[in-house]
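# Show me the folded form of this:
(one chain, ligands or ions: 1)
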Amino acid sequence: MRIVLLGPPGAGKGTQARRLSESTGMKHLSTGDMLRGEVASGSELGLLAKEFMDRGDLVPDPNVISMIRNHIGDPSGVLLDGFPRTLIQAMALDTELKFANVPIDRVIHLSVDIDELVKRLSGRALCGDCQTPYNLESDPPSKTGICDRCGGPVAVRNDDKPEAVANRMKVYQELTAPVLDYYRSHGNVAEIVATGSPDEVFEKLSQAIRSGKSGVMAN
Ligand code: AP5
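Purely as a prediction, here's the structure:
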């Protein structure tokens, strides 16, 4: 199964993809997590990506596509979180899937209003090792600065500062919203209002996947 999770920064894509991956065994592919891993390792891609990420801009398409390409055909199924984010990335995904002769089974759009998004991101902290997200006000780790899940360091992301958040929202509208329209034109998008508790959103998400139509092949 191949599922694409789309939604603005802070919509809960990572939170829900982790839960879904744990409950289904599908591989969670987050380009944001992968890029943060590259930055942490100091790789050539990480050095290039950091500048874009800290500003809240997208990392160039060719770098992101070549980073994720080999993972898309994973036989356990994949949950794509944060990819594709531009029309060029969506076309590249179509090409990879067509080559592998597998469809996208479901595109799920998580929508949340802008005030709630800004609130979520301003309180967000992330484990640097396993990438589990926390909210310092509503869902903090049990021990300050330490991940409940793996014991790794929990810190605020550079791109959750107000200027970078504002730019990420703008970039989402300009470059990623057209991807949503592209998938809507294929008629395979499940719309979910991703407010309420993470458990409630997960229930809606699971329901949307259970009731999904058959997959739509790339043109
Ligand atoms: P990425 O890591 O993908 O960031 P994003 O899309 O901006 O999404 P977020 O991680 O901020 O939010 P999310 O929707 O996953 O929400 P989360 O579950 O964390 O990308 C970062 C950067 O990498 C990009 O800006 C770009 O530079 C680069 N990049 C990545 N992919 C790229 C690509 N394909 N092409 C080019 N560049 C790329 O939740 C957010 C907070 O809300 C958490 O605190 C969480 O605990 C809380 N929360 C979650 N659900 C709920 C709920 N139901 N109620 C209350 N709080 C909740």
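
# Across the sheet, point out what pairs with the residue nearest to Gly128 when sequence neighbours are not counted.
Leaving aside its sequence neighbours, Gly128 sits nearest to Pro153 (Cβ to Cβ, 6 or more residues apart in numbering; 4.9 Å). Heads up, the C-betas are built off the backbone N, CA and C, glycines and all. Beta-bridge partners recorded for Pro153 (DSSP bridges): Ile146.

# Now do the contacts for Pro153.
By Cβ atoms under 8 Å, 6 or more residues apart in numbering, Pro153 lies in contact with 127-129, 145-147.

# Redo the residues you listed as JSON lines? Include distance to Lys27, pLDDT and neighbour count.
Putting the contacts of Pro153 into JSON lines (distance: Cβ to Cβ, whole Å; pLDDT from 0 to 100; neighbours: other Cβ atoms under 10 Å) gives the following:
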{"residue": "Cys127", "distance to Lys27": "19", "pLDDT": "92", "neighbour count": "21"}
{"residue": "Gly128", "distance to Lys27": "21", "pLDDT": "87", "neighbour count": "16"}
{"residue": "Asp129", "distance to Lys27": "18", "pLDDT": "88", "neighbour count": "15"}
{"residue": "Gly145", "distance to Lys27": "29", "pLDDT": "94", "neighbour count": "12"}
{"residue": "Ile146", "distance to Lys27": "27", "pLDDT": "96", "neighbour count": "14"}
{"residue": "Cys147", "distance to Lys27": "21", "pLDDT": "96", "neighbour count": "21"}
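
# Most widely separated two among these?
Asp129 and Gly145 (12.5 Å; Cβ to Cβ).

# In three-state terms, label Val102 for me.
Following DSSP: H, G, I helix; E, B strand; the rest coil, the label given to Val102 is coil.

# I figured it was touching Pro75, is that so?
No. Counting by Cβ atoms under 8 Å, Val102 stays clear of Pro75, with 9.9 Å between them.

# The two: which has the busier surroundings?
Comparing Val102 with Pro75 by other Cβ atoms under 10 Å, the one with more neighbours is Val102, at 19 against 7.

# What parts of the chain come near the ligand?
7, 9-15, 31-32, 35, 52-53, 56-59, 64, 82-83, 85, 89, 120, 124, 133-135, 139, 159, 168, 197-198, 201 (Cβ under 6 Å from any ligand atom).
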